[in-house]
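A.B. asks: Got a sequence here, can you model it:
(one chain, ligands or ions: 3)
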Amino acid sequence: MAHFINLVLPIPLERNFTYSVTTQEAALLKPGMRVSVPFGKSKIYTGIVLNVHTNAPEAYEAKEIHQILDDVPIVTEIQLKHWQWIADYYMCTLGEVVRSALPNAFLLESETLVLRNTETEVNEQDLKDDEFLVYEALQHQSVLKVHEVAAIVDRKNILPILNRLLEKNVIKLKEQVFEQYKPKLVKYIRLGTSYMSDDALETLLDSLTLAPKQSQVVLALFQLQAITKKPIASVELEQASNSSKAVIKSLVQKEILEEYTIRVDRVDFDATQEVSNAKELNEYQEQALNNIRKAFDENKVTLLKGVTSSGKTEVYVKLIEACLEQKKQVLYLLPEIALTTQLISRLQEYFGEKIAIYHSKYNVQERVEVWNNVLLAKHKAQIVIGARSALFLPFSDLGLLLVDEEHESSFKQFDPAPRYHARDAAIVLGSLHASKILLGSATPSVETYHNVKMGKYGYAEITRRYGNVSMPDIELVDIKEAQRKRRMKGHFSERLLEEMNDALEAGEQIILFQNRRGYAPVLECLTCGHTPQCPNCDVSLTYHQFRKQLRCHYCGHHSALPESCFACGSADLDTKGFGTQQVEQEVIKLFPEAKVDRMDLDTTRGKHAYEKIITRFEQQELDILIGTQMLTKGLDFRNVSLVGVMNADSLLNFPDYRAHERSFQLLTQVAGRSGRTKKRGKVIIQTYNPYHQILKQVTTEEYERMFAEQVYEREQFKYPPANRIIKITFKHKNYNVLNEAADWFCSALKTNFGGNVLGPEYPPVARIRNQYLKHVLVKMDKKESAVRTKQNIKRIEKSFNAIAMYRSVRVIYNVDHI
Ligand code: ADP
Ligand code: ZN
Ligand code: ZN
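C.D. replies: Ligands and ions are numbered 1, 2, ... in the order given. Prediction:
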């Protein structure tokens, strides 16, 4: 009897593919194993087996597979089910989910680029003949495509060889690699080796009598060594001897002193390190924990709403402990892994090497290792901490699923497909495993809280900060009034400056928040009013003062700052609005003594730039940190007593139905960075609209009120949570084709769904990278079947694609979160 397999290939085509296999292969194959297959004329792909059967395809003759790549499945049945759910719900193909879910190393294909891994020594004796051929080819040519390798070795079954070479670390794949953060090295000072003996020392001190500054340093070093056995940091010596870096440097150059470094690991867990016991919970945490357990007993997804710094993490720790006792796996999802070194080291203190970190930007080897450890339910990956892609791992027995900062919009993937929301997809995953699911936030999303109110989700709360520290005192400052009375210095009100002075005098740290990077958003001609635009996108260029450039934040286009107006030639140019860069410059002028840094997309592009800034701020090397919303995400600084919001209005005026909810969350979160440990913190919010209801609700911590108003408003305008929405984006380089196509699609939708279709409309930025954009919004009552609606939309897309002129128009779906 002929045997066949159905495969999913990592490509954006709707259908699955059938290949033929031998009887022997059919007996070996199981769903979730990989096979390499020929595709089209000359392509090779890696596919995942969905099922093995005996039904020959009717429309075409099935090709034979090249080879089976696994002995056992590397993808579980639950995963395949989960991925199919993601594909259906978020309206993409299973292939697109697979592409995004599996580490690249699992999906070798003809176009994959292979390089020699220069970090390993290769013992040529260990390589089989065919492996050696590949290795040798890579000595002559630094990069090869997989299909080129196939030609060199002269066989089509090339993927098993490459898989073996990957395992042996002989080759690596070309991709963007994100290495784990290597902690910064602190410089320490000791006496040069040739001065260790007493005699040499005496001579040294004599010789230094003519250089009083230098001998001061050497004596200070002795004094410090007398009181402590610890290494002496260069900075410490500088302070103790009341000298300068230059003096120490010259002593080092003369080899009288020696500079050395000690590695302080933050991320890599040292297995010899003692694991400490979890902290004892206070009564409020205890109460919350009990309520969570009760809700878990009813098998409910549960929300923990705890004010900032209430100690939610410690409650999670207790739940994790309980789950580990049952020998089950834990998944801890976070909105952004780069910002969580703090949390990771905290959890590593308790759980040591049981923690694995998973991130789509980690290198291939690391990701494959974590994948395999999770698949085999290894001790080393019992707790997985990760950003959204971690929910694609092959858990075999997930007992607890935590989604921290569940309100964060970065849980939504916007590009490429699957455009899923990790919190929602995680809840589905958790229910497939029958695991316990906890969402945590100080400012829950309206959707989640709505589910609590409807009785669908369980609920627990902590209303006090740990250690009974008061919630920060939030003050609104009317800058319109201040400007009228000429009481502003640049963008700083008198009130903010007063508080900054106080904080600096007390040796406390300050965070300043401005939700816009760059120097000033726009450059404007005072003569004709022209503002320079991006040639590729329909937006004004942003002025970046440091590089004297105009930059586009959508496509990266940049040009030198013009000396005169492009339109009228006038040299009278001025800037409008302001960004973090301008705030930084003003701060430097206003507080010349203070140590200041900035954290935004521009300062954190380099590898580990985030971690470096966070470490410097933690270690109090900085007095003032200025930043965008990056600063709001779950950071726990001990010494911050003041948070200043430079201008709250740009948040509130964002054209999006979630703008008010987001402003409330962002402002509450950024305020929550203040006064976390001892003294009550202070927050100053500068605004032109001190009577805005959202700002009032932030100052008085009226989450309930905000929630009720938002739900009411969204019901009126048919937005979630009462309704469902799907946004369809059309994208094309030709303006007329785009318009016609969007009109065609939209009228087909209107025939089907009537008044619940809005558009087509241009978004606020209607052209990006020379592609024109148009949106259509479909709103559905919760009572309607979402499945049927999506099927109908897909059917319309099929007819749409049958029209030759429209075929090149890209159609992009965003479900729920738009
Ligand atoms: P949240 O995540 O709710 O903002 P954290 O979990 O970061 O709050 O806790 C805030 C601070 O309080 C942290 O520095 C944490 O170490 C401390 N903390 C919380 N709970 C306890 C506890 N039970 N015992 C000792 N310290 C605690
Ligand atoms: Zn002009
Ligand atoms: Zn642009």
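
A.B. asks: ok, and does the helix or strand containing L667 reach over to ligand 1?
C.D. replies: L667 belongs to helix 659-671 when assigned by DSSP states H and E. No - Helix 659-671 does not reach ligand 1 (Cβ under 6 Å from any ligand atom); its nearest approach is 9.4 Å. All C-beta atoms are positioned from the backbone trio N, CA, C, and that covers glycine.

A.B. asks: quick check: angle from whichever helix or strand comes after that helix to helix 659-671?
C.D. replies: Next in sequence after helix 659-671, counting helices and strands by DSSP H and E, comes strand 682-687. Interaxial angle of strand 682-687 relative to helix 659-671 (axes from the mean of the first three to the mean of the last three Cα atoms, to 10 degrees): 150 degrees.

A.B. asks: next one: the helix or strand hosting Q239 to chain centre, how far?
C.D. replies: Using DSSP H and E, Q239 sits in helix 234-240. Relative to its parent chain, helix 234-240 has a centroid offset of 37 Å by Cα atoms, centre = their mean, to the nearest Å.

A.B. asks: List the buried residues in the helix or strand just after that helix.
C.D. replies: Using DSSP H and E, the next helix or strand after helix 234-240 towards the C-terminus is helix 245-253. Of the residues in helix 245-253, 247-248, 250-252 count as buried by neighbour count, 16 or more other Cβ atoms under 10 Å.

A.B. asks: Then stretch 137-156?
C.D. replies: Residues of stretch 137-156 classed as buried by neighbour count (16+ other Cβ under 10 Å): 137-138, 144, 146-150, 152-153.

A.B. asks: And the residue nearest the centre of the protein?
C.D. replies: The C-alpha lying nearest the average C-alpha coordinate of the chain belongs to E336 (Cα atoms, centre = their mean; 3.1 Å).

A.B. asks: Contacts only, for that one.
C.D. replies: By Cβ atoms under 8 Å, 6 or more residues apart in numbering, the contact list for E336 reads 387, 408, 410, 633.

A.B. asks: near ligand 3, which residues of the protein show up?
C.D. replies: Counting by Cβ under 5 Å from the ion, the residues of the chain close to ligand 3 are 534, 536-537, 552, 554-555, 557.

A.B. asks: If any of these are buried, give me the PyMOL selection for them.
C.D. replies: Selecting the buried subset of the residues of the chain next to ligand 3 in PyMOL, with 16+ other Cβ under 10 Å as the burial test, is done by:
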select buried, resi 534+536+537+552+555
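
A.B. asks: could I get the residues of the chain next to ligand 3 as CSV with distance to Q791 and secondary structure?
C.D. replies: Shown next, in CSV, are these (distance: Cβ to Cβ, whole Å; DSSP: H, G, I helix; E, B strand; the rest coil):
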residue, distance to Q791, secondary structure
C534, 39, coil
N536, 36, coil
C537, 35, coil
C552, 39, coil
Y554, 34, coil
C555, 35, coil
H557, 40, coil
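
A.B. asks: Considering the residues of the chain next to ligand 3, which is situated nearest to K727?
C.D. replies: Minimum separation from K727 among these (Cβ to Cβ) is found for Y554, which lies at 18.1 Å.

A.B. asks: okay, G634: pLDDT?
C.D. replies: At G634, the pLDDT value in this model is 65.

A.B. asks: about what we covered before: now go through the contacts of E336 and say which are in strands.
C.D. replies: Using DSSP state E, no member of the contacts of E336 falls in strands.

A.B. asks: okay if I get the residues you listed as CSV plus neighbour count and distance to H544?
C.D. replies: Output for the contacts of E336, formatted as CSV (neighbours: other Cβ atoms under 10 Å; distance: Cβ to Cβ, whole Å):
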residue, neighbour count, distance to H544
A387, 22, 28
E408, 23, 27
S410, 16, 24
K633, 19, 24
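
A.B. asks: Tell me the one among the residues you listed nearest to ligand 3.
C.D. replies: When the contacts of E336 are compared for distance to ligand 3 (Cβ to the ion), S410 wins out at 22.2 Å.

A.B. asks: okay, now the closest residue to the closest one other than its chain neighbours: neighbour count?
C.D. replies: Among residues not flanking S410 along the chain, P335 sits closest, at 4.5 Å (Cβ to Cβ, 6 or more residues apart in numbering). Residues lying near P335 (other Cβ atoms under 10 Å) number 22.

A.B. asks: likewise R810?
C.D. replies: When neighbours are counted by other Cβ under 10 Å, R810 registers 12.

A.B. asks: let's have the chain start at 3 instead
C.D. replies: Understood, numbering begins at 3; the last thing we discussed is R812.

A.B. asks: residues contacting it?
C.D. replies: Contact analysis of R812 by Cβ under 8 Å, 6+ apart lists 731-734.

A.B. asks: Please apply the same query to M473.
C.D. replies: By Cβ under 8 Å, 6+ apart, M473 lies in contact with 309, 467, 682, 703.

A.B. asks: Quick check: closest non-adjacent residue to the last one.
C.D. replies: Right, the one you point to is E703. Once flanking residues are discounted, E703 sits nearest to M473: 6.4 Å by Cβ to Cβ, 6+ apart.

A.B. asks: so that neighbour sits in a strand?
C.D. replies: No - read with DSSP: H, G, I helix; E, B strand; the rest coil, M473 is coil and lies in no strand.

A.B. asks: so how far is R678 from it?
C.D. replies: 11 Å (Cβ to Cβ, to the nearest Å).

A.B. asks: Now for those two: what residues contact both?
C.D. replies: R467.

A.B. asks: does L552 really touch F568, like I thought?
C.D. replies: No - applying Cβ atoms under 8 Å, one finds L552 not in contact with F568, separated by 10.4 Å.

A.B. asks: Get me the contact residues on the chain for ligand 1.
C.D. replies: Neighbours of ligand 1 within the chain, by Cβ under 6 Å from any ligand atom: 281-284, 287, 308, 310-316, 468, 638.

A.B. asks: how about 5 Å then?
C.D. replies: Residues of the chain lying close to ligand 1 by Cβ under 5 Å from any ligand atom are 281, 283, 308, 310-316, 468, 638.

A.B. asks: which of the residues you listed count as buried?
C.D. replies: With burial judged by 16+ other Cβ under 10 Å, the buried subset of the residues of the chain next to ligand 1 is 283, 308, 310-316, 468, 638.

A.B. asks: Confidence-wise, which of those residues comes last?
C.D. replies: Taking those together, the minimum pLDDT is found at D638 (77).

A.B. asks: Beyond the longest helix seen in the chain, next helix or strand please.
C.D. replies: Scanning the chain for the longest helix, with DSSP state H as the assignment, gives helix 737-755. For helix 737-755, the succeeding helix or strand toward the C-terminus, using DSSP H and E, is strand 759-763.
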